[in-house]
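Undergrad: what would the 3D arrangement of this be:
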Amino acid sequence: MYQIIVNPNSGSGNGRQKWEQLRRLLDHAKMTYIIYHTKSAKDASAYISRITDQSLYENKAQMNRILLLGGDGTLNHCINGIDDLAHTTVTYLPSGTSNDFSRALHISTDPAKAVRALGKKGRTVRMDLGNVFFGTKKKRFAVSSGIGYDASVCQEVLNSPLKPYFNKIGLGKLIYGIVALKQFITLRPCGCDLYLDDETEPIHFDTFLVAAFMNLKYEGGGFPFAPDADPTDGMLDICMVGNLPKIAVPFVLPFLLVGKHYGKPGVKHYRASKARIVTERPLFAHTDGEIIGKQTELRYECGAEKLLFRTR
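TA: You can find the predicted model right below:
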């Protein structure tokens, strides 16, 4: 039995088309499944929580086998809803706009390959999940988490009435560029302290633009912030952009967008299994592009939890 979560609105309706293709393939293969349609990405968390309730596993003869059809936001809500990670496998069919998870792991958008990943030809990979702690709350992330300029851009884009229009005409990235330029013009400097692993002395930034804690290579719709990230090494690749005058930022960003930014002025790269960042004022923060509000302190760990991911 397969449990299938479908976000039909992902990718401005692309999810609905993908589901029709997937349904025909599942029926042709005579696979038994239960389908859950979500009205929003957040519905995925509620469905997954019920499916993967730890108290239910002792009465089951097999793993919880989930196929998720949606974007990175749907995936994020899915992994945050899993109650029993040890007895749950996830297969992913991307249908969103950013698709940073599938881009990094070379996951096909072909429904036929998703069906093959479910079957005997598929393989299970144990990949790291990141955890971020803020206040009394905790959230998992598969791709990345961060605070500062990139999260602020995500927050405005997610609430922009123009986003669905730009997605429909295939120019989803353009809205990010428009918002990014507008916010950069009005950007206010902010400092922060970064603590790595168990170090008690912080790395201080008088000003910073981006603090990205990466589990995978890409974020923001294909920008390689962490070109060497490995989701099986128990480490986060941390990309910090700061301590440089605002006028110099446009000269650094092009390198950042193509993954050639390490070693450039104002760009610092660190690797750690645990980290903490404290900012001088509240700033927007995100997990896999999903906004978690304004924060002044975030604590990170990587590798303590694993996702059993089915691929082919």
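
Undergrad: bridging residues for the closest residue to residue 297 other than its chain neighbours?
TA: Nearest non-adjacent residue to residue 297, counting by C-beta to C-beta, 6 or more residues apart in numbering: residue 278, 4.9 Å away. Using the backbone N, CA and C atoms, a C-beta is placed for each residue, glycine as well. Per DSSP bridges, the residues bridged to residue 278 are residue 193, residue 297.

Undergrad: residue 278: neighbour count?
TA: As a burial measure, residue 278 scores 15 neighbours (other C-beta atoms under 10 Å).

Undergrad: show me what contacts it?
TA: 192, 193, 195, 202, 296, 297 (C-beta atoms under 8 Å, 6 or more residues apart in numbering).

Undergrad: top of these by neighbour count?
TA: Using other C-beta under 10 Å as the neighbour criterion, residue 192 leads the contacts of residue 278 with 24 neighbours.

Undergrad: any idea how far residue 275 is from that one?
TA: In this view, residue 192 and residue 275 are 12 Å apart by C-beta to C-beta, to the nearest Å.

Undergrad: buried sites along the helix or strand hosting residue 128?
TA: Counting by DSSP states H and E, the element that carries residue 128 is strand 123-134. For strand 123-134, the neighbour count (16 or more other C-beta atoms under 10 Å) marks 127, 128, 129, 130, 131, 132, 134 as buried.

Undergrad: just to revisit the earlier point, from the contacts of residue 278, which is closest to residue 247?
TA: residue 192 (20.6 Å; C-beta to C-beta).

Undergrad: these two touch, right, residue 140 and residue 78?
TA: No - look at residue 140 against residue 78 with C-beta atoms under 8 Å: they stay out of range, at 9.8 Å.

Undergrad: between the two, which has more neighbouring residues?
TA: Legend: neighbour count by other C-beta under 10 Å for residue 140 and residue 78, higher for residue 78 (28 against 21).

Undergrad: ok, that one - contacts?
TA: Contact analysis of residue 78 by C-beta under 8 Å, 6+ apart lists 5, 44, 45, 48, 66, 68, 70, 90.

Undergrad: am I right that the first one is in a strand?
TA: Yes - Residue 5 forms part of a strand when assessed by DSSP: H, G, I helix; E, B strand; the rest coil.

Undergrad: where's it relative to residue 146, distance?
TA: Following C-beta to C-beta, the distance that separates residue 5 from residue 146 is 26 Å.

Undergrad: ok, the third one next?
TA: Residue 45 sits 21 Å away from residue 146, going by C-beta to C-beta.

Undergrad: comparing these two, which residue is more hemmed in?
TA: Using other C-beta under 10 Å as the criterion, residue 45 and residue 146 rank with residue 146 on top: 29 against 18.

Undergrad: I figured that one hits residue 283, correct?
TA: No - under the criterion of C-beta under 8 Å, residue 146 lies out of contact with residue 283, with a separation of 9.8 Å.

Undergrad: helix, strand or coil: sort out residue 86 for me.
TA: Taking three-state DSSP, the label given to residue 86 is helix.

Undergrad: going along the chain, name the helices of the stretch 51-200 of the chain.
TA: 54-57, 72-81, 100-105, 111-118, 149-158, 163-168, 172-185 (DSSP state H, counting those that start in this stretch).

Undergrad: hey, which of these is tucked in deepest?
TA: For these, average neighbour numbers computed from mean count of other C-beta atoms under 10 Å are highest in helix 72-81, which has a mean of 26.

Undergrad: and it, average pLDDT?
TA: Helix 72-81 shows a mean pLDDT of 93.

Undergrad: what do you get for stretch 227-241?
TA: Rounded mean pLDDT across stretch 227-241 is 97.

Undergrad: residues of it that come out buried?
TA: 227, 229, 231, 235, 236, 237, 238, 239, 240, 241.
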